[in-house]
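Q: got a structure for you, letters missing:
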């Protein structure tokens, strides 16, 4: 009698539906687990790129980096007085606490770069692109910013006021005027 009742219980439509649902759930968990494992094994860390250029705490005084691909390069606290970065691609580079006194960065792309607490006094920044760059705590005393594009860059208010006093020109690549990109009135 017990055996007959158990057989009838296993044959009930409700239990079959639950078994089917449980099987689907286990299949879904298996597929998601395999997908997660595949992503974790194939992903590369953004902070540990194999080709990252790291010049942190180095003396790069008067070095020539003109027309060089330095995308994502790290120049933290580097001494770059008089360095030539003309037409270099420094997008997404990190130049925190960099000393760029009288550096030539004309025509360089610094989009998305982190340039906080840097000294750019007397630097040549003509036609440079600083779109979405972070320039907080940086100083631009006597820097030539003719045609530079600072669209959506994060700059201290005091420094923006100083830059607006000498802002002029239009960036030949982006077509944006320096005054407009700084929000000068």
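A: Yep, it's here. Nothing here was measured: the structure is a model prediction, and the numbers come from that model. Numbering: from 1, shown residues only.

Q: and the residue positioned nearest the centre of the chain, how far from residue 81?
A: Ranked by distance to the mean C-alpha position of the chain (C-alpha atoms, centre = their mean), the top residue is residue 92 at 4.1 Å. Distance, residue 92 to residue 81, by C-beta to C-beta, to the nearest Å: 23 Å. C-beta: built from backbone N, CA, C; applies to glycine.

Q: in this structure residue 128 contacts residue 106, no?
A: Yes - judged on C-beta atoms under 8 Å, residue 128 makes contact with residue 106 at a distance of 6.4 Å.

Q: helices of the chain, residue ranges please.
A: 2-10, 13-42, 157-164, 178-182 (DSSP state H).

Q: other SSEs contacting the third one?
A: Identification of packing neighbours for helix 157-164 by 3 or more C-beta pairs under 8 Å, 6 or more residues apart in numbering; DSSP states H and E yields helix 178-182.

Q: touching the helix it packs on from outside, list them.
A: The contact list for helix 178-182 (C-beta atoms under 8 Å, 6 or more residues apart in numbering) reads 145-151, 153, 155, 160, 163-164, 167-171.

Q: what's the answer for stretch 22-35, then?
A: Counting by C-beta under 8 Å, 6+ apart, no residue outside stretch 22-35 touches it.

Q: avg pLDDT for it?
A: Throughout stretch 22-35, pLDDT has a mean value of 83.

Q: how far does it sit from the chain's center?
A: Computed by C-alpha atoms, centre = their mean, to the nearest Å, the chain-centroid distance of stretch 22-35 equals 36 Å.

Q: hmm, back to that, out of the helices of the chain, which one sits most buried?
A: helix 178-182 (a mean of 20; mean count of other C-beta atoms under 10 Å).

Q: give the contact list for residue 52.
A: So residue 52 contacts 72-74 (C-beta under 8 Å, 6+ apart).

Q: let's have the helices of the chain in TSV, adding distance to residue 120.
A: As requested, those are exported to TSV (distance: least, C-beta to C-beta, whole Å):
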stretch	distance to residue 120
helix 2-10	78
helix 13-42	40
helix 157-164	10
helix 178-182	15
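
Q: would you mind giving me the confidence score for residue 87?
A: 98.
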